[in-house]
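Q: give me coordinates for this.
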Amino acid sequence: MNTPTRRRRTGIPGTIIFDGDLARIGYALNKMCFSFNSAQCREAFLQDEEAYMHRYGLNETQKAAVRSRQVLAMIDAGGHPYYLAKLAGIFGLDMQDIGAQQTGVSKAEFQAKLVAAGA
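A: Numbering: from 1, shown residues only. Next comes the predicted model:
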């Protein structure tokens, strides 16, 4: 069985094309993330993540991705990066955490690469 990820990978490692098919697959996840525009919703999620994910109808793959705190897994599960940024913020992840996840290194290693590159 082809997973959505296998069908959407490009020649660039870690890159997934967010197209109409992936948008349909990720609708529940993205709808949940959009709800985090509300402080009340962010608090409800933090109080009971499982119930909140159930409320939005996330499938098991999406729930596992959210539990893992791995942004790439959430993208694989249909999450759009714009909406996932809201969820990453709830988890206390910053752009360097996400960059480290995307490049497969620790945050400290990623920061060292930024310094070495003069960023």
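Q: now residue 74: closest residue in space that isn't a chain neighbour?
A: Distances taken as C-beta to C-beta, 6 or more residues apart in numbering put residue 65 closest to residue 74, at 4.4 Å, once the chain neighbours are dropped. Backbone N, C-alpha and C define where each C-beta goes, glycine included.
Q: what about the one you found, neighbour count?
A: The local packing count at residue 65 equals 24, with neighbours defined by other C-beta atoms under 10 Å.
Q: can you name the next helix or strand after the helix or strand of the chain with the lowest mean pLDDT?
A: Every helix and strand of the chain was ranked by mean pLDDT, DSSP states H and E. The lowest is helix 4-8, at a mean of 47. Scanning the chain past helix 4-8 towards its C-terminal end, the next helix or strand to appear is helix 20-25 (assignment: DSSP states H and E).
Q: got the buried residues for that next one?
A: Within helix 20-25, the residues that qualify as buried are 22, 25, counting by 16 or more other C-beta atoms under 10 Å.
Q: CA atoms only: put it into CSV for me.
A: Included here for helix 20-25 are C-alpha records, laid out as CSV according to Å, rounded to 0.1, in the frame of the first residue of the first chain:
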residue,chain,number,x,y,z
GLY,A,20,-5.2,18.6,-3.0
ASP,A,21,-4.9,14.9,-2.0
LEU,A,22,-2.8,15.7,1.0
ALA,A,23,-5.1,18.6,2.0
ARG,A,24,-8.0,16.2,2.0
ILE,A,25,-6.1,13.7,4.1
